[in-house]
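# Just to be clear, the model below is a prediction. Sequence and coordinates:
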Amino acid sequence: MGQVGLFYGSSTGKTEAVAYQMKDLFDKAKPGLVDIANIGSTTPEQFLGYQYLICGIPTWNTGQLQDDWAIFVPKLKGKDMKGKKVAIFGLGDQNGYGFNFLDAVGTLADDLMDCGAQLWGMWSTKEYQFNESKAQVEDLFLGLGVDEEGQSERTSARLQAWVAQIVKEFEV
C-alpha cells in the first residue's frame with residue numbers, strides 16, 4: 001500500500017484521465033508512493049486508511065459536487081480526520097461556468113476541514129479568468145485548478161508543478 005491515496009470522482013472521464021496522468025507523474029518521482037481509486041467504489045475506512053490524501057473532483061452543473069462525491073461526503077460526517085494532510089484538484093470550465101468555477105473544490109475542502117483535515121496544495125489564481133469561485137481565498141485556489149475546456153494546453157505543466165509541490169508539502 002502506498003503512503004498517499006489519490007481518490008477521484010468522474011462522470012465524463014476527464015477527471016479520471018487527469019488523475020491517472022497525476023499518478024504517472026507521482027510514479028516517476030517516487031514509485032509506489034500513490035494508490036489510485038474511484039471514490040464511487042471506496043469505503044470511508046479505505047479513504048481514512050491514508051495519512052495523505054489527494055482528492056480529484058469536477059464541478060458539476062452550476063457549482064455542485066460530482067455525484068460519487070455527493071454520495072461519499074456524508075459518510076465522513078463525524079469521522080476524525082485530524083492530522084490527515086489533504087490536497088484537492090478540481091476540473092472546471094472557467095469560460096462556460098465563470099460564476100462557479102471550481103466551486104466543488106471549495107465545498108469539498110470545507111467538508112474535509114470540518115472533519116479536522118489539514119488542507120495543502122494551494123494554487124495561484126493568476127492564470128485563470130473567472131468571476132467567482134468557492135475555491136478561491138484571496139489570490140489562491142484551495143487546490144489545483146484544471147480547465148480541460150479552455151486551457152487544456154496548460155494541464156501538463158500544471159500537473160507537473162503541482163505534483164512536485166505536493167511531494168514537498170506532504171514531505172513524502
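That came in fine, so what should we check first?
# Report how many residues lie close to the closest residue in space to residue 137 that isn't next to it in sequence.
Distances taken as CB to CB, 6 or more residues apart in numbering place residue 122 nearest to residue 137, at 7.8 Å, with adjacent residues excluded. In short, each C-beta sits where N, CA and C put it, glycine included. Neighbourhood size, residue 122 [other CB atoms under 10 Å]: 19.
# Residue 122 against residue 141, yeah?
Yes - using CB atoms under 8 Å, residue 122 is in contact with residue 141, at 6.7 Å.
# circling back: for the residue nearest to residue 137, phi and psi?
Note on residue 122: its backbone torsions stand at phi -60, psi 150 [degrees, to the nearest 10].
# do residue 95 as well
Per degrees, to the nearest 10, the backbone of residue 95 is at phi -80, psi -50.
# OK, contacts around it?
Residues near residue 95 by CB atoms under 8 Å, 6 or more residues apart in numbering: 129, 149-150.
# buried set for stretch 55-72?
Neighbour counts over stretch 55-72 (16 or more other CB atoms under 10 Å) mark 55-60, 63, 65-66, 68-69, 72 as buried.
# now, the most widely separated pair of those residues?
Greatest spacing in those, by CB to CB: 63 and 72 (17.9 Å).
# which ones are touching the residue nearest to residue 137?
Neighbouring residues of residue 122 by CB under 8 Å, 6+ apart: 137, 140-143.
# From residue 90, how far out is it?
13 Å (CB to CB, to the nearest Å).
# Residue 70 contacts residue 64, correct?
Yes - at 7.1 Å, residue 70 counts as touching residue 64 under the criterion of CB under 8 Å.
# ok, residue 145 to residue 106 distance?
For residue 145, the distance to residue 106 equals 11 Å [CB to CB].
# Let me fix that, I meant to ask about residue 136.
7 Å.
# ok, so what distance separates the residue of the chain most remote from its centre from residue 153?
Within the chain, residue 78 marks the point farthest from the mean C-alpha position, 21.3 Å out by CA atoms, centre = their mean. Taking CB to CB as the measure, residue 78 falls 43 Å from residue 153.
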